[in-house]
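Undergrad: Below: sequence and its predicted model.
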Amino acid sequence: MKEGTKIYFASDQHFGAPTNKESFPREQRFVRWLEEVRKDAAAIFLLGDLFDFWFEYKTVVPKGFVRVLGKLAEIRDSGIPIYFFVGNHDLWMHDYFEKELNIPVYHDNKIFTYNNKTFLIGHGDGKGPGDKGYKRMKKVFTNPFSKWLFRWLHPDIGVKLAQYLSVKNKMISGEEDVKFLGEENEWLILYAKRKLETKHYDYFIFGHRHLPMIVDLPQESKYVNLGDWIGYFTYGVFDGTTFELKEYKN
């Protein structure tokens with residue numbers, strides 16, 4: 001990292017939920033954040049569920065989100081690295097970001113090192129013990145045959161159907177109050193502790209839980225959940241020495 005630069009992290013914007021019109025102010029707010037952090041960003045990490053639903057047909061992507069896509073392209077073209085990790089709502093992302101925006105897309109955790117600090121980064125869905133129902137469902141959704149079948153639906157039908165099912169998620173509609181379950185019941189914390197048994201990481205950075213938190217782990221490691229851009233508008237920033245969670249209020 002060059003002196004004076006920072007690494008930024010954000011997750012779970014869920015643009016398009018519950019509708020494109022209703023999520024538009026959140027999209028505008030996120031674009032303002034991107035414009036601000038680009039001034040000193042060494043890199044920007046987006047940890048999944050940027051969209052509430054995303055599917056790439058061979059020649060079609062979902063309508064909308066032109067402002068955030070344009071801003072990402074502009075920042076990437078300026079030379080700032082951007083890394084995208086798919087979440088459970090946009091797990092059908094393929095190569096559109098890579099080809100059109102020059103943004104690498106990761107479908108699983110990846111290790112990065114900055115200033116001798118090691119980061120294990122991912123969206124966080126399906127990790128740790130429990131949640132077996134979702135893990136089985138994810139195998140079905142990511143199966144090439146399932147994607148092939150869905151691709152045969154006309155986009156007007158397929159996208160509308162998927163958006164309808166997606167906003168049924170109580171967490172996204174605001175009907176579910178996300179609460180900290182305690183270290184012994186938070187699957188991602190248990191996952192991080194298990195990973196530390198075989199390798200040291202300074203930071204585990206995840207999204208998915210929609211609950212901003214930094215939890216101290218053994219070996220002076222930390223588990224970070226970035227929160228979301230629905231109710232918290234939080235993001236992570238690493239200045240080369242320390243990691244902080246901040247709220248974007250503009």
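TA: Nice, I can see it. Numbers count the residues shown, from 1 in each chain.

Undergrad: which residues of the chain fall in strands?
TA: For the chain, the strands defined by DSSP state E cover 6-10, 41-46, 82-85, 105-106, 110-114, 117-121, 203-206, 213-216, 222-225, 234-238, 243-247.

Undergrad: Could you dump these into CSV and include distance to Pro62 and mean pLDDT?
TA: In short, each C-beta sits where N, CA and C put it, glycine included. Formatted as CSV, the strands of the chain follow (distance: least, C-beta to C-beta, whole Å; pLDDT from 0 to 100):
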stretch, distance to Pro62, mean pLDDT
strand 6-10, 20, 98
strand 41-46, 17, 98
strand 82-85, 16, 97
strand 105-106, 16, 96
strand 110-114, 25, 97
strand 117-121, 25, 98
strand 203-206, 25, 98
strand 213-216, 31, 97
strand 222-225, 27, 98
strand 234-238, 24, 98
strand 243-247, 28, 98
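
Undergrad: most neighbours per residue, which of those strands?
TA: The highest mean neighbour count among the strands of the chain, using mean count of other C-beta atoms under 10 Å, belongs to strand 203-206: a mean of 25.

Undergrad: Show me which helix or strand of the chain is least confident by mean pLDDT.
TA: Lowest by mean pLDDT, DSSP states H and E among the helices and strands of the chain is helix 170-173, with a mean of 45.

Undergrad: sorry, back to before: looking at the strands of the chain, spot the one closest to Leu34.
TA: Judged by C-beta to C-beta, the one of the strands of the chain that comes nearest to Leu34 is strand 41-46, at 7.5 Å.

Undergrad: So which elements touch the longest helix belonging to the chain?
TA: Across the chain, the longest stretch assigned as helix under DSSP state H is helix 20-37. With contacts taken as 3 or more C-beta pairs under 8 Å, 6 or more residues apart in numbering; DSSP states H and E, helix 20-37 sits against strand 6-10, helix 66-77, strand 234-238.

Undergrad: Point out the one among those that comes closest to Asp202.
TA: Of all the helices and strands packed on helix 20-37, it is strand 234-238 that lies closest to Asp202, at 9.8 Å by C-beta to C-beta.

Undergrad: partners of the closest one, with directions?
TA: In the sheet, strand 234-238 lines up against strand 6-10 (antiparallel), strand 243-247 (antiparallel) (DSSP bridges).

Undergrad: Next one: Phe145 relative to Gly240, how far apart?
TA: 46 Å (C-beta to C-beta, to the nearest Å).

Undergrad: Counting neighbours, go ahead and name the busier of the two.
TA: Just comparing Phe145 and Gly240: by other C-beta atoms under 10 Å the higher neighbour count belongs to Gly240, 16 against 8.

Undergrad: wait, isn't that one in contact with Asn115?
TA: Yes. Taking contacts as C-beta atoms under 8 Å, Gly240 lies within contact range of Asn115: 4.8 Å.

Undergrad: what touches both of these two?
TA: Listed as contacting both Gly240 and Asn115 by C-beta atoms under 8 Å, 6 or more residues apart in numbering are Met1.

Undergrad: could the helices and strands packed on helix 20-37 be laid out in CSV, adding distance to Val60?
TA: Listed next are these as CSV, based on distance: least, C-beta to C-beta, whole Å:
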stretch, distance to Val60
strand 6-10, 26
helix 66-77, 14
strand 234-238, 31
